[in-house]
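Q: Any chance you can model this:
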Amino acid sequence: MNVNKKIPRRKFLKSIAALLLIPSIAVWIESIKTQLKISSKSKKIVLPSGLDDGITFYNNLIVEKTGEDIKIYSSTCTHLGCKINQEKNNKFVCPCHGSQFALNGEVIKGPATKNLTQFSYSKDKKTGKIIVYAG
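A: As a prediction, the model looks like this:
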């Protein structure tokens with residue numbers, strides 16, 4: 001009985017490739033599942049029509065309106081997630097650790113290092129309500 005049977009090189013390489021392919025497919029499937037979970041968490045927030053010009057803190061949003069120009073930011077501080085609920089001297093100020101953000105959402109003073117998230121929106125043509133796409 002011959003125990004030292006040689007496997008052809010091509011067959012050996014195909015076997016190794018197949019063994020490596022299985023975990024790769026599993027990782028790929030998990031990443032798709034994760035992306036689907038993330039996208040399903042995005043939500044729509046409806047703001048009332050007729051918002052006044054200026055800064056409005058609405059739920060977890062900061063709405064800055066000047067005429068027809070509207071900018072919408074998350075009110076969640078990028079440092080540790082505290083809710084920003086005040087504007088002082090043309091800056092958004094986090095009440096927890098004092099991070100400051102310019103009215104365009106950029107960090108002015110830490111400890112936060114990331115800018116506020118800006119959200120896209122659309123206007124309902126019939127009602128005039130603002131529909132925010134928050135992730």
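Q: residue boundaries of the helices in this protein?
A: Secondary structure of the chain (DSSP state H): helices located at 9-41.
Q: Where does pLDDT dip in it?
A: Filtered on pLDDT under 70, the chain yields the residue ranges 1-4, 33-42, 135.
Q: which one is Lys123 nearest to, not counting chain neighbours?
A: What sits nearest to Lys123 in space, not counting adjacent residues and going by CB to CB, 6 or more residues apart in numbering, is Ile130, at 5.8 Å. (Each C-beta comes from the backbone N, C-alpha and C, glycine too.)
Q: domain assignment for this structure?
A: 7-41, 43-134 (automatic domain parsing).
Q: returning to that earlier point: my read is that the residue nearest to Lys123 contacts Thr56, right?
A: No. Ile130 is beyond contact range of Thr56, at 10.7 Å (criterion: CB atoms under 8 Å).
Q: Could you report the separation of Lys114 from Glu106?
A: The gap separating Lys114 from Glu106 is 10 Å, by CB to CB, to the nearest Å.
Q: what comes into contact with stretch 89-97?
A: The contact list for stretch 89-97 (CB atoms under 8 Å, 6 or more residues apart in numbering) reads 62, 73, 75, 77, 79-80, 82-87, 99-103, 105, 108, 111-112, 116.
Q: Show the buried residues in the residues you listed.
A: 62, 73, 75, 77, 79, 82, 84, 87, 99-101, 105, 112, 116 (16 or more other CB atoms under 10 Å).
Q: between those residues, which is nearest Trp28?
A: Leu116 (33.2 Å; CB to CB).
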